[in-house]
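Visitor: Provided below are the primary sequence and the corresponding predicted coordinates.
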Amino acid sequence: MNLLDLEKLFNDAYLFEDLKMKSIKLLEELILNSDSNYLKEEEEKLPNNIKLKDFSIRYKCTELFINNHDRIYPFFRVCLELLHPETEIQQYYYDIEYTIDGKFSDEYFGMYK
């Protein structure tokens with residue numbers, strides 16, 4: 001088995017395109033409700049004429065964590081980026097962690113430095 005075979009198995013097992021779209025929707029909803037969640041602080045740091053909803057969302061990659069010494073079971077993350085509306089440079093990342101069963105586990109949001 002090679003990595004392309006593994007990728008196909010993963011994509012089929014987790015209905016990857018649906019999972020990716022679900023992850024993007026999760027970020028879109030988080031941004032739409034940014035006035036009442038932890039993104040409010042990030043939005044307050046932006047210049048007055050720019051809001052998080054102005055950024056475009058881009059799928060970056062999926063990270064598989066196998067043979068992790070801190071975890072009993074493998075897990076994976078769907079990694080998204082927010083691109084600045086004027087420069088189209090990635091400014092923020094949003095990673096969604098899923099269990100081996102494909103269930104939401106955790107989320108990470110931050111600014112690239």
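Guide: Received it, and whenever you're ready, just let me know what you need. Numbers count the residues shown, from 1 in each chain.
Visitor: For stretch 8-17, which residues meet the burial criterion?
Guide: Within stretch 8-17, the residues that qualify as buried are 14, 16, counting by 16 or more other Cβ atoms under 10 Å. C-beta coordinates here come from the backbone N, C-alpha and C atoms, glycine included.
Visitor: first to last residue in that stretch, what's the distance?
Guide: Separation of the first and last residues of stretch 8-17 by Cα to Cα, to the nearest Å is 12 Å.
Visitor: and it, how far from the chain's centre?
Guide: 17 Å (Cα atoms, centre = their mean, to the nearest Å).
Visitor: what's in contact with it?
Guide: Counting contacts by Cβ atoms under 8 Å, 6 or more residues apart in numbering, the residues outside stretch 8-17 that touch it are 62, 64, 76, 98, 102.
Visitor: of all these, which comes closest to Ile89?
Guide: Distance ranking of those against Ile89, using Cβ to Cβ, places Thr62 first at 21.9 Å.
Visitor: shouldn't the closest one be in contact with Cys79?
Guide: Yes - using Cβ atoms under 8 Å, Thr62 makes contact with Cys79 at a distance of 6.9 Å.
Visitor: Comparing those two, which residue is more hemmed in?
Guide: In this comparison of Thr62 against Cys79, neighbours counted by other Cβ atoms under 10 Å, the higher total goes to Thr62 at 20 against 17.
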